[in-house]
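1. Okay, sequence plus prediction incoming.
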Amino acid sequence: MSFKPQGHSERAQAAAAARKEQLEQFRAKFGANDPNFAARQAERIAIAQARNARIATREEERARQHAEQAKREEAERIARAAAEEAARIEAERLALEEADRLVAEAAVAKAERDARYAARKARGIKRGPKK
C-alpha cells in the first residue's frame, strides 16, 4: 500500500468491487445452491397460496355482506317511501275533512243568519243605517 492518497474514481472502484464481492458471497451462501432452498421455497409458496385463499374468502364474505346491506337498504327505502305515501294520503284526507267541516260550519252559520233575518222580517223590524 502506498502513501499516495486515492482519488475519487479509485475509491468508487474499490467500493463497487467490495459490493460485488459481498453480493457473490451472499448468493453463494443463500442462493439456489442451498439444499434446503427448495423446501423453503415450497413452504413460502404454500404460505402465499393459503394467504391468497384467505384473502379471497374474506373478499367473498365482504361482497356478500355488501349485497345483503344493499338489499336491506333497498327494503328500508321502499318501506320509507310507502310510509311517506301513506302519510301524504292521510294528510290529504285530513285536509279534505277539515275543508268539509269548514264548509259545513259556514253553511250552518249562513242558515242561522238567514233564519234570524227571516225572523226579523216576519216581525217587521228593519236593521241597518238610519236615514
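-> Sure, I can see it.

2. longest helix in this protein, by residue count?
-> Assignment by DSSP state H gives helix 37-123 as the longest helix of the chain.

3. pLDDT of that one, averaged?
-> Per-residue pLDDT over helix 37-123 has a mean of 95.

4. Return the list of helices and strands in contact with that helix.
-> Helix 37-123 makes packing contacts with no helix or strand when contacts are defined by 3 or more CB pairs under 8 Å, 6 or more residues apart in numbering; DSSP states H and E. Backbone N, C-alpha and C define where each C-beta goes, glycine included.

5. and Asn36, how many neighbours?
-> Other residues near Asn36 number 8, with proximity taken as other CB atoms under 10 Å.

6. Please disregard the earlier target; I meant Ala82.
-> Here the neighbour count serves as a burial measure; for Ala82 (other CB under 10 Å) it reads 10.

7. Then the one 5 residues further on?
-> The burial count assigned to Ala87 is 10, neighbours taken as other CB under 10 Å.

8. Which pLDDT value belongs to Ser2?
-> Note on Ser2: pLDDT of 61.

9. Please read the previous query as pertaining to Asn33.
-> Per-residue confidence for Asn33 comes out at a pLDDT of 66.

10. same deal with Lys29?
-> 72.

11. what sits up against the helix or strand encompassing it?
-> The secondary structure element spanning Lys29 is helix 8-30 (assigned by DSSP states H and E). By CB atoms under 8 Å, 6 or more residues apart in numbering, the list of residues contacting helix 8-30 from outside reads Gln6, Phe37.
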